[in-house]
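Chemist: any chance you could fold what I've pasted below:
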Amino acid sequence: MRKLLALALVAAMGFNAEAGKSETLALGAEVPAADLEMKGTDGKMYTLVSVQGEKGTLVIFSCNSCPWAVKWESRVASIGNAYRGRGFGVIVINPNDPKRAAEDGFDEMVARAKALSYEFPYVVDPASQVARAFGASRTPEIFLFNDKGKLAYHGAIDDNASDANAVEAAYLKDALDALLAGEAISVSETKALGCSIKFNEDS
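Modeler: Next up, the predicted model:
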């Protein structure tokens, strides 16, 4: 009986035992862990509520150490900066434990944000709490919320990490443009390609 109860509790929590994290946020879901404070590379504290935009909110889980994230980081900077100026809230969250990936230390994050000219917060998720709440598993991984705070797009930035000039499907930009135009997003979910998140196992 006790074993059955434990299994029921795990199921109720939507916990993925194999991955050691919550199930990935479903389309239409609201922003989780919205009031949890995270420190930005500018020294300020941010929450997902504090960065919400009038047109929607773009949440990107990324890092310094993953080769996939590095390939896409210039596009993250250009898209984030451009759409922040068009009414979207933008935030990049580093959920990696720096004890497992030294390049993801805070000082390294500060340098990376400066080098890429981020005009939006790059924050640290020290206990990987926010990543777990989203059910994020990769860096980079995109979660785009509409102006009502509902998840409208989840997945990859585009279909070609290696060559920005060879992109055939600009998933994220297309989704952002659709929200701006008040239109349905044609491709609302794709597979996030990247490195597995180096979760903080001490939390």
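
Chemist: who's in contact with Ala26?
Modeler: Ala26 sits next to Leu151 when contact means C-beta atoms under 8 Å, 6 or more residues apart in numbering. All C-beta atoms are positioned from the backbone trio N, CA, C, and that covers glycine.

Chemist: helix/strand/coil for it?
Modeler: At Ala26 the chain is in coil, as set by DSSP: H, G, I helix; E, B strand; the rest coil.

Chemist: ok, Gly149 - contacts?
Modeler: Contact analysis of Gly149 by C-beta under 8 Å, 6+ apart lists Glu30, Val31, Gln52, Thr57.

Chemist: check what pLDDT the closest residue to the first one other than its chain neighbours gets.
Modeler: When the adjacent residues along the chain are set aside, Glu30 lies closest to Gly149, with 5.4 Å between them (C-beta to C-beta, 6 or more residues apart in numbering). At Gly149, the predicted lDDT confidence score is 97.

Chemist: distance check, Gly149 against Val49.
Modeler: The spacing between Gly149 and Val49, counted by C-beta to C-beta, to the nearest Å, is 9 Å.

Chemist: is it true that Asp35 touches Met45?
Modeler: No. Shown here, Asp35 and Met45 do not form a contact pair, counting by C-beta atoms under 8 Å, at 11.3 Å.

Chemist: circling back: find residues that contact each of Gly149 and Val49.
Modeler: Common neighbours of Gly149 and Val49, counting by C-beta under 8 Å, 6+ apart, are Val31.

Chemist: most neighbours among the contacts of Gly149, which one is it?
Modeler: Thr57 (24 neighbours; other C-beta atoms under 10 Å).

Chemist: in contact with it, which residues?
Modeler: Thr57 is in contact with Val31, Leu48, Val51, Phe88, Gly89, Val90, Ile91, Leu144, Phe145, Gly149, counting by C-beta under 8 Å, 6+ apart.

Chemist: helix, strand, or coil at it?
Modeler: Assignment for Thr57 (three-state DSSP): strand.

Chemist: same question for Leu36.
Modeler: Of the three states, Leu36 takes coil according to three-state DSSP.

Chemist: and it, how many neighbours?
Modeler: Once other C-beta under 10 Å is used to define contacts, Leu36 is seen to have 15 neighbours.

Chemist: ok, it to Glu141 distance?
Modeler: In terms of C-beta to C-beta, Leu36 sits 18 Å off from Glu141.

Chemist: quickly list what His154 is bridged to.
Modeler: Phe143, Glu189 (DSSP bridges).

Chemist: I'd say it and Ser188 touch.
Modeler: Yes. Proximity of His154 to Ser188 meets the contact threshold set by C-beta under 8 Å, at 7.4 Å.

Chemist: who has more neighbours out of the two?
Modeler: Higher neighbour count among His154 and Ser188: His154, with 26 against 17, using other C-beta under 10 Å.

Chemist: buried sites along the biggest helix by length in the chain?
Modeler: Longest helix in the chain, counting residues (DSSP state H): helix 67-84. Residues of helix 67-84 classed as buried: 68-73, 75-77, 79-80, 83-84 (neighbour count, 16 or more other C-beta atoms under 10 Å).
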